[in-house]
Structure formats: C-alpha cells, structure tokens
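Chemist: What would the 3D arrangement of this be:
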Amino acid sequence: MRRLLARCLRDLTRAAVNGFRRLLGLPAAPLLVDEIRCPRCRCWVAPRRFDLIHMACRTCRATLARPGRGGDLLW
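Modeler: Modelled structure (predicted):
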C-alpha cells in the first residue's frame, strides 16, 4: 500500500511539474537523472553511487566520521 501511494505521489508530482513547465513555455523535464553533484566533494556521480540519506557520494560517506590525516591536532 505504501509503495503504491509513493508511486502515485511521484507520478502526480511529475505531472504537476510538467504542467507548470508547459505553462511557462519550457520543454518537458527529463525523466532520467544522469548524474548528481555531491555537495561535499563537488564531484558528479552516478545516482546509484549517491546516498540520499547522508546526502553524500560513496567516497564521502565512507569518510564522514573519520578525522583528517594530520594537521588537525589542537596542540
């Protein structure tokens, strides 16, 4: 039931966005996303390599909680 609701909302949102774009005279929005830009490292990565929960690519997510390599000491 939840998946069906999510799919309906996604389709409804896409239809609404395309309707607004048509009113503004813009071309239809693309259906596929080719790349997403990671806000941490500013690299363009494939959607399958981007984690929406952490908002980071795989490389950044692997190092999220790790301290830097030297020069970070306060003393």
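Chemist: low pLDDT regions in the protein?
Modeler: Low-confidence segments of the chain (pLDDT under 70): 1, 65-75.
Chemist: Do a quick rundown of the helices in it.
Modeler: 2-24, 58-62 (DSSP state H).
Chemist: Need the winner for burial among these.
Modeler: Among the helices of the chain, helix 58-62 has the highest mean neighbour count (mean count of other CB atoms under 10 Å), at a mean of 14. C-betas here are computed from N, CA, C, even on glycine.
Chemist: Now find how far off-centre that one is within its chain.
Modeler: Averaging C-alpha positions (CA atoms, centre = their mean, to the nearest Å) puts helix 58-62 14 Å from its chain's average.
Chemist: Give me the contacts around that helix.
Modeler: When contacts are defined by CB atoms under 8 Å, 6 or more residues apart in numbering, helix 58-62 is touched by residues Cys38, Arg40, Cys41, Cys43, Val45, Arg49, Phe50, Asp51, His54.
Chemist: And the closest residue in space to the fifth one that isn't next to it in sequence, how far from Arg42?
Modeler: Spelled out, it's Val45. Leaving aside its chain neighbours, Val45 sits nearest to Cys57 (4.5 Å; criterion: CB to CB, 6 or more residues apart in numbering). Counting by CB to CB, to the nearest Å, the gap from Cys57 to Arg42 is 10 Å.
Chemist: do the same with Thr59
Modeler: 12 Å.
Chemist: Show me the domain layout of the protein.
Modeler: 1-31, 32-65 (automatic domain parsing).
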